[in-house]
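Here's a sequence, model it:
(3 chains)
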Amino acid sequence: MKTYDAIVVGAGHNGLTTAAFLAKAGLDVVCVEKNDYIGGAAVSRELYKDWMYSNCSYVCSLLRPEIFRALELHKHGLQITPYGGSCQFMQNGDYYGSYHDPEVAYREMARHSQHDADAAERYGADTMRQCRFVRDSLLRTPPDPTSFRPKDIRELLTIGAKFMEMGEDRMYETIRFWTMSVAEYLDEYFESDIIKTAYSGSGIIGTALGVRSPGTAYVLLHHYMGEVDGNVGSWGVARGGMGAVSKSIAGAFQGYGGELRTEAGVDKIVVKNGRTTGVALENGDEINGRIVVSAMDVKRTFLTCMDQSDLPEEFYRRVQNFKIRGSSGKLNIALDGMPRFPALPDGSTLYQSDMHFIDTMDRMERAYDDWKAGTFSKDPYVDMVVPTMTDPTMAPPGKHFMSCFVQYCPRQIEGREWTSPEKEAFAKSVIDQIANYSPNFKDLILHYEVRTPQDIENEIGITEGNIFHGELTMDQLLFNRPVPGYAQYRAPVNGLYMCGSSTHPGGGVMAAPGANAAREILADLNRRNTVPENFGDD
Amino acid sequence: MTVQEVPQGRLRTPFYERMSQLDTLNAWHEWKGYTTPDALYCGETEYFAIRNATAVFDVSPMTKYRITGPDSLAFLDRLVTRDMMKIKPGRVAYAVWCDDQGQVLDDGTIFHLREGEYRLCSQERHLDWFMASAIGFNVDIVVETADVCGLAVQGPTSYSTLSGLDLPGLDQLKLFDLMHCDFEGAELMVSRTGFTGDLGYELWIEPGKAEALWDAVFEAGKLFGIRPIGVHALEMARVEAGYLAPFEDFLPAKGTVRTGRTRSPFELGLEWLVDFKKPNFNGRRALAEEKRKGSTWRLVKLNIEGNKVANASYIFETHKANKGNIGFVTSAEWSPVCKQNIALGTVRMPHGAPGSTVWVEIYYQREMHWSRAMAKAEVVDKPFWFPPRRSATPPGPY
Amino acid sequence: MTDRYDAIVVGGGHNGLVCAAMLGRAGRNVLVLEANGQVGGAAITREFADGYTVSACAHLLYQLQPVVQKELGIEPDLAVEDMATIALAENGEHVRIDGVQVDGVSKADAQNFRAFHKRTARFAKLLNKYFNKTPPRLGTRDWADMKTLGSLGLDLRLLGKTEMQAFLRLIGMNIHDEVTERFESPLLKGAISLDAVLGTHLGPRSPNTMLTYLYRLAGDYGRVSTPAGGMGSISEELAHIARQSGVTIRTGMPVTRIIVDNGRVAGVETANGDRFDSMTVISNADPKRTILDLVGPQHVEARFTHRVHHLRARGNAAKLHLALDGLPTIAGLDKKDFAQRLVIAGDEHYVERAFNPAKYGECSAEPVIEMTFPSVRDDTMAPHGKQVMSAVVQYAPYALKGGWDDAAREAFEATTIRTIEKYAPDIASHITASELLTPADIEQEFHMTGGHWHHGELTMDQFMFVRPVAGAAQYRMPLDGLYLCGAGAHPGGGVSGAAGRNAARAILAREKAA
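Numbers count the residues shown, from 1 in each chain, chains lettered A, B, ... in the order given. Below you'll find the model as predicted:
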């Protein structure tokens, strides 16, 4: 029977990225996927006739341009187009929009608060400073602070030097930034509730934290690290839907000679004499491989697909304690036309933007209280975007696809599995909230798909359906991600690696974990490194 | 109910209609959200209006704050590095303000309109900083950028021009004085200030009277070569005068991301604005420390040999550029009135002492092809252009 | 009238007294000015009803730094030593935590608690070493700063690989996750959660609550006691030691202004118009009061002022004092158990639910409560045969929506009694008098902004290098001659004396260097 150089488990964007870089280095790689389609959560499927649904991830900016370039994704059909701004609808009939032109953005902000409009520059600079600090670490393997190996010490010193270079005052700012809540961070800049609310959304998306929980300022940063053509913080849509991202990486992978196998769910990662020898598929087949790379989240990898006896006890316990929390759901809608939002003038560029329907920090926080109590938010935070306003390929002409990301939505409802009426109630809470600002919205709905974390878990396989494969809290970042001592993509079994979003730097369609894992693997195999470095920026 | 969106394009100042009537080029750019002319007829010609006749420049986009209240003086005195106690009503002060680290946030002019009532005028917007600085002070800070528009009337014949408006007391108005007078029932504030280093005034009025004021000034200036100008001409004049422009010669500290990109007043040649006799002002501790330890950077005014403008040039210690640069040019112009090749730049201490010589690496393009030259430059102490008429009171009828 | 001193301490709280005593011992001529009629600040004993006395603010001793005790020779007379914590159950099946021993839980929980305690105590010990040092400045080339940082790095390494990993992970965690990972007993989880959030504006799910838990352990590794005669006796002892060291202490002298002359501190002025001169003024008051009220922003810098202005100090802990004609009945407890620390915190969710309303300026409908009955072992606290209850009740937000008017106070007191009644059904019938101190009252009586124990929230962004605010963590404020020695400074609140001692040492070190 054939023995592959490497088996990658899971054809999500990270698995495919690792697979592509390994194949590019000349390895004989197979990537196995349990579903009959690839992409994991970076996927678009025709769930309603003639409509492509990006039914998990829905916008793109975090995808590292270094990786895009190294894998020549444009040759495999990937095209990312930036879209405009964001918009918060207010209960008093007003709205707060953000615009591409800085002066227009300033005016709009000043309409709500002159002070805040002036403070935005300081906010931007302070946040960008933190962003630069972190962004440099995205395509690097985190050092192990407990190790005495030269490589780790060198990496620690590099980070230390970068920190020192900031200067005393800014070092303190950095310490504070990393530990604050997004609400408190924003309080130090802004006074207007609507402006704070608008900025705070990025601090909680995908987490089981509220805007007032310490640590959420960092999450904000995680969403700011994205860029489209050097425009840091801007977001774009992938032409043809998010599936285009994984398809293009898969295209690159296959171009390098890689083999893709769908409907090949892994039952067990096979370990013999302390070393992985391959995987056993759910259909009973076995595939032999010299190494196995798991793109699944760590819980699924180690708790479901491995035997406890194959793993060190402490490691196993830490994986058990790794926090992956279902906190967000989705509602994907096919529309007969673009809904009108009467508050907005016709033709406003804000129709292309991310729309939100919460206007106070208290409402943001209360949405979280519902989650803590074990249910979905009655007044949810919805990040709604109509990608077809920018990318017409996803629906027939004049028709639209709408993606609603909903925070908060628990994996289990009141401690048990969801029922259909509850799913409908969840959908209704979202639809009603949007309809409050768009009277003709409900009439335009042709079809919708409700996705609770439970659905995402069942279909994609991500534990609790968490978009980041694990909370982005301090205890699970950098050298702590996924678990202390194992942040360098190597699992505690010879020949087994991790490359999913449970590893540094975490989730979002960034592909950095996949690339970093590939670099470590190639180093272990003494192969030519095919993984690019950060573009860098002084 | 639809809520009208904020204007999406560039705003127009109250003088826009008048300017565009005289405009022949249709060359405009953005300045703090407003549209402002590069030039209206020809930059060079407009420059000579500044140095030879009367030039009129619309300064309305400048950010303006009205500062009042019982603590307005105490607030400003803590805000800026110079002693505001010395600025009596009817006087104007050029000032800089710093963050706690003594790094310059911006420069601007502070008009002491009446006892305890001030107008602060700057390029950048600072409400955030001013309100943070106002914690514990009983002071009102109101943005009045759109409520007051301004015309800079500059040049040797500007006094003669404005004399036609019958403004009582104009002849006695000294440099950095201001006065209020009536203009068609509205209050007109006249200050003897400007950004050209020449004789000149700035007129400040409510937007409703803007066009009437423009008309009156142009009528009065007919015989004195009056001409509206754009930024191009102004830029030439301000470099000759050695004035600093934010985002060119320094970066306002609040917006910088990288370490070491900010400058202290000392590093901008503004030591004369820092008054350590004041017990406290923002940045005092850091600046005292810097004075003790020495600065990192120095702003230099360069008189460069030859006539090739040193845009974006590196500065070197010797003509051999092999030892690494010591700084770079931030603004450069050919000065028609001095017939000098001039520049402002920033160099690392201890380089660039006045009177010393440095070398400037100039890239220039002739018929598509690029060439490189090393040009010797003398570091000068005084502005390139500082005519006596700038401060003569009463100004002569030129 | 003008007097000149080497140093003036504004506020005779325990930190102020420690600082003054240490400076006095170093031969300095020190004056302490206390606003109230007795020294002690938030560590005082006073009468609240005829014949009934109570530790009016802080009521338990668990953090007093051994090094402070040793250096000053403090020997507290303890009424109850090594108190157990009893997590009350409505059905009387309480959980009792006594040192490392837990009763009323499964064997696994008891075992896990031992391991948990061992680890947290070890981490707390590590932290505590640095609680007794001035936090280093970052990014300087100063030898002392580099030495402290280096030693911190070394100490972390010396924990060993596994423990260092655990520490670096734990420090950013919340207590909720830690207790749910380790324990099954709801009451045990509730009691630990309560310890982590007491005195803060945090719930068990808030990241950072592991740090507050470790902070609580730091002084004496979880040992809790009640001094004989209440907390005031500790303050009296400190005052006595200070006086012996030559310190002048004047009570009833509220400082209204710290005098700044020509850019440096020159002395203080009191409410009655007296002026006292000194080139060194050490404020035991909280940072906000010190900078914004006593000094005045015009004398310091704008970003610093802005930072102080934004310092978060929103108290949530109220005190309820009850005069009782006898002990209430709690199923499963006998009289001696009332000398222990009784807590009401059903489980970690209960604590979280209690916290939720505080985020919106509302009181807990079912508060978490820490109760003590000091009179059980100390008959000086109540008339013969009578009892006193002193309870910390949380959450009662300082900035209550609608304000703390009589109706709001009555409602919260009623809520608290109702909550206690679930465990002690007859408590109401024993009450002869009561006193509720909301955070607003605590601010009023003890002059602490926001009525906050720690003079500022104890979260990572206001901790160590950045406590109270960035650039002012070395006790020396950015105004020549001004120092901070209270809970607002590193390491934080609790009757520990660490801030006072560190401040005194920083002042002496600076004098030596000058």
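
residues contacting whichever residue of the stretch 101-250 of chain C sits closest to chain B?
Across the stretch 101-250 of chain C, the shortest distance to chain B (CB to the nearest CB) belongs to residue C:139, at 10.3 Å. For every residue, glycine as well, the C-beta is placed using N, CA and C. Residue C:139 is in contact with A:164, A:166, A:167, A:168, A:171, counting by CB atoms under 8 Å, 6 or more residues apart in numbering or on different chains.

Is the longest helix seen in chain C positioned near chain A?
Ranked by number of residues, the top helix in chain C under DSSP state H is helix C:107-131. No. Helix C:107-131 does not reach chain A (CB under 8 Å from any CB of the partner chain); its nearest approach is 11.8 Å.

Give me the helices and strands touching that helix, please.
The elements that helix C:107-131 packs onto, with contact taken as 3 or more CB pairs under 8 Å, 6 or more residues apart in numbering or on different chains; DSSP states H and E, are strand C:101-103, helix C:143-158, helix C:161-170, helix C:175-182, helix C:209-218.

JSON lines for the ones you listed, including mean neighbour count?
Shown next, in JSON lines, are these (neighbours: other CB atoms under 10 Å in any protein chain shown):
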{"stretch": "strand C:101-103", "mean neighbour count": "17"}
{"stretch": "helix C:143-158", "mean neighbour count": "14"}
{"stretch": "helix C:161-170", "mean neighbour count": "18"}
{"stretch": "helix C:175-182", "mean neighbour count": "22"}
{"stretch": "helix C:209-218", "mean neighbour count": "25"}
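
Could you list the low-pLDDT ranges of chain B?
Scanning chain B for pLDDT under 70 picks out B:398.

residues from it in reach of chain A?
B:1-8, B:10, B:30, B:32-33, B:100-101, B:125-129, B:131, B:143, B:254-260.

Please name the residues that touch the residue nearest to residue C:152 when sequence neighbours are not counted.
Once flanking residues are discounted, residue C:152 sits nearest to residue C:130: 6.3 Å by CB to CB, 6 or more residues apart in numbering or on different chains. Neighbouring residues of residue C:130 by CB under 8 Å, 6+ apart: C:148, C:152, C:464, C:491.

now do 10 Å
Residues counted as contacts of residue C:130 (CB atoms under 10 Å, 6 or more residues apart in numbering or on different chains) are C:136, C:148, C:151, C:152, C:155, C:218, C:464, C:490, C:491, C:498.

cool, and residue C:116?
So residue C:116 contacts C:100, C:102, C:109, C:178, C:179, C:181, C:182, C:183, C:188, C:192 (CB under 10 Å, 6+ apart).

So which of the contacts of residue C:139 reach chain B?
Filtering those for proximity to chain B (criterion: CB under 10 Å from any CB of the partner chain) leaves A:164, A:166, A:167, A:168.

Skipping adjacent residues, who's closest to the third one in space?
It stands for residue A:167. residue B:259 (5.2 Å).

With the last one instead?
Spatial nearest neighbour of residue A:168, excluding adjacent residues (CB to CB, 6+ apart): residue C:139 at 4.0 Å.

No more questions from me, cheers.
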